[in-house]
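Asks: Pasting a predicted model and its sequence here:
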Amino acid sequence: MTQEKRIIKKYPNRRLYDTATSCYITLDDVKRLVLDNVDIQVLDAKSGDDLTRSVLLQIILEEESGGMPMFSYDVLTQIIRFYGNAMQGMMGTYLEKNMQMFAQMQNRLQEQTKQLYGENPVMNSGLWNEFLKFQGPAMQGMLSTYLEQSTNMFVDMQQQMQDRTRNLFSGLGFPGMPGFTPPEKQDK
């Protein structure tokens, strides 16, 4: 049984209203809900338009502007360059799959940590530092495997695109496509 999304209404004065708790909340509260794995949906209180993505992007923007940013200049410019590109539709899926693989890798690392050091290794920073030194080669191996899987996934996506393109245009008689017969060799 799927859990319904928690509805948050955004009012023209930019205030957010959590319909589950019947009170106004902040972007930090929305962030906390996301971190707690609560499915949310932000709706414009007046029009009913879905504003979830823009609110989530706003949270990411605030996170990026404070502390240590996750996205470098190069990553951000590459993402911008994919908009309007023929591969734009595939890029979202590619990034989503990569994030899932990275989360799985992170979960495995956390499980290993729990097995070796108990529930909360962060409480003892010496043990945590020791663990990270010990896990350095394993983490590099996991990251290498992750990058290899990511590359393979991208190559597979490219191959699927080429196959679909070939199938789509094969009936139109373009040079280089299967079934193409040059005009001089066609029966008249």
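Replies: Great, that's in hand. All values reported here derive from a predicted model rather than from experimental measurement. Numbers count the residues shown, from 1 in each chain.

Asks: In this structure, where is pLDDT below threshold?
Replies: The chain contains residues with pLDDT under 70 at 1-2, 116-143, 169-188.

Asks: ok, now which ones touch the nearest residue to T19 once chain neighbours are set aside?
Replies: Closest residue to T19 in three dimensions, ignoring its sequence neighbours and counting by C-beta to C-beta, 6 or more residues apart in numbering: I7, at 4.6 Å. C-beta: built from backbone N, CA, C; applies to glycine. Contacts here follow C-beta atoms under 8 Å, 6 or more residues apart in numbering; on that basis I7 touches 19-20, 40-41, 43.

Asks: mind listing what's buried in the helix or strand encompassing I7?
Replies: Under the assignment given by DSSP states H and E, the secondary-structure element containing I7 is strand 6-10. For strand 6-10, burial by neighbour count (16 or more other C-beta atoms under 10 Å) applies to 6, 8-10.

Asks: would TSV of these with distance to D28 be doable?
Replies: Converted to TSV, the buried residues of strand 6-10 look like this (distance: C-beta to C-beta, whole Å):
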residue	distance to D28
R6	16
I8	13
K9	17
K10	15
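
Asks: Now do the residue nearest the centre of the chain against S150, distance only.
Replies: For the chain, E96 is the residue whose C-alpha lies nearest the centre (C-alpha atoms, centre = their mean; 3.5 Å). When distance is defined by C-beta to C-beta, to the nearest Å, E96 is 12 Å away from S150.
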